[in-house]
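Student: sequence unknown, structure follows:
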C-alpha cells in the first residue's frame, strides 16, 4: 500500500477495495510542495547571499534593493576579513619564517574593496563650513578628492570672475557716438533723485549702489540694473500684504476644494492697488530713463 503512490500500479484481488483519502485543507496537490520549495530556496539565498533580490523577483522597488545591498556589504566585509586572517596565519607567516626566519613584524595581505566616500556631500559640507568661517587645510581636501598639487606653470581651472563694463571717458558719447548709453549713465543720479507719485510709499527713487556693481554711489551704472534692484527692494512689502490675505483663506478652508472656491470668490476683491501703482511708477521711471 505504501508503494502504490510511487509505483502507480498494484495487483489486488476482486474482493478487496482501496479507499484513497484526500485531505481538503491543503488545497491543490502541488501548491504545498511548491510553497515549501520556494521557502527553502529563499532561506538558502539569505544564508549564502544575505538577500533575495538577486535571486527572486520580489516587489519592493529601489528601497528594498538598497537595504539588501547594505547586508551584502556587511557579509562581504566579514568574509574578506576572515579570509585575510586565515591567509596571513596559515600562509604568509609560515612562509616568511621558512625563508627568512622569525621576524618581529610580518607582511600582511588585505582583501576587500575600500569604502567609497560621498564626495558630493563632502563638497557641499566643506562649502557651507568655509562660508561660516571655518578654516580647512587645502591639502587635506585635495587628498580626499584625489587631486594633486598644481605644478608651476600649469593651466588651472578657476571660477569665472564677473565682467564689469569700464566707465566711458568724458565726451565719448558726444564725440563719436560709440557709447549710446553713456548719456543715460551720467544722468542716472538725476532719475534717482526724482519724486514718485503721491499716495504709495516707494523706494524706487532711493539712493544706493546696485548689488552687482562695485564702486559706491558715484560709479556709473546701467539704469536698467539700478531700477531693477530698487523695484526688488520695494515690491516685497506690497506682495506680502497680498499673500497675507491668501494665507487667511487657506487657514479658514477645511479642504482644497473649499480653498479653491474661496480663492475664486475673493480674487476680485484682492487689494492689488498698491502693487499696480508701484508697477506704474516703475514703468514710468524706466521710460523716463530711456528717454534721457
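Tutor: That came through, no problem. Here the structure is a predicted model, which is why all the values come from computation and not from measurement.

Student: so residue 72 makes contact with residue 48?
Tutor: No: taking Cβ atoms under 8 Å as the contact criterion, residue 72 and residue 48 are not neighbours in contact, 11.0 Å apart. The way it works is simple: take the backbone N, C-alpha and C, and place the C-beta from them, glycine included.

Student: for residue 102, which three-state class applies?
Tutor: At residue 102 the chain is in coil, as set by DSSP: H, G, I helix; E, B strand; the rest coil.

Student: what's the pLDDT at residue 135?
Tutor: Turning to residue 135, the model gives it a pLDDT of 86.

Student: from residue 126, how far out is it?
Tutor: Distance of residue 135 to residue 126, computed by Cβ to Cβ, to the nearest Å: 11 Å.

Student: show me which of these two is the more surrounded one.
Tutor: residue 126 (16 against 6; other Cβ atoms under 10 Å).

Student: okay, the more buried one: pLDDT?
Tutor: Listed pLDDT for residue 126 reads 86.

Student: name the residues of the helix or strand where residue 287 lies that are buried.
Tutor: Following DSSP states H and E, one finds residue 287 within helix 273-291. Within helix 273-291, the residues that count as buried by 16 or more other Cβ atoms under 10 Å are 274-275, 277-278, 281-282, 285-286, 289.

Student: what's the answer for stretch 93-110, then?
Tutor: The neighbour-count criterion (16+ other Cβ under 10 Å) identifies residue 93 as the buried residues of stretch 93-110.

Student: give me the mean pLDDT for it.
Tutor: Across stretch 93-110, pLDDT averages out at 92.

Student: which residues are in contact with it?
Tutor: With Cβ atoms under 8 Å, 6 or more residues apart in numbering as the contact definition, stretch 93-110 has outside contacts at 84, 87-88, 92.

Student: next step: those restricted to helices.
Tutor: Judged by DSSP state H, the subset of the contacts of stretch 93-110 located in helices is 84, 87.

Student: ok, of the contacts of stretch 93-110, which one's closest to residue 9?
Tutor: Proximity to residue 9 was ranked across the contacts of stretch 93-110 by Cβ to Cβ; first place goes to residue 87, at 58.5 Å.

Student: so the closest residue to the closest one other than its chain neighbours, which of the three states?
Tutor: Computed as Cβ to Cβ, 6 or more residues apart in numbering, the closest residue to residue 87 that is not its neighbour in sequence is residue 109, at 5.3 Å. Here residue 109 takes the coil state, with states given by three-state DSSP.

Student: pLDDT at residue 202, what is it?
Tutor: Residue 202 carries a pLDDT value of 44.
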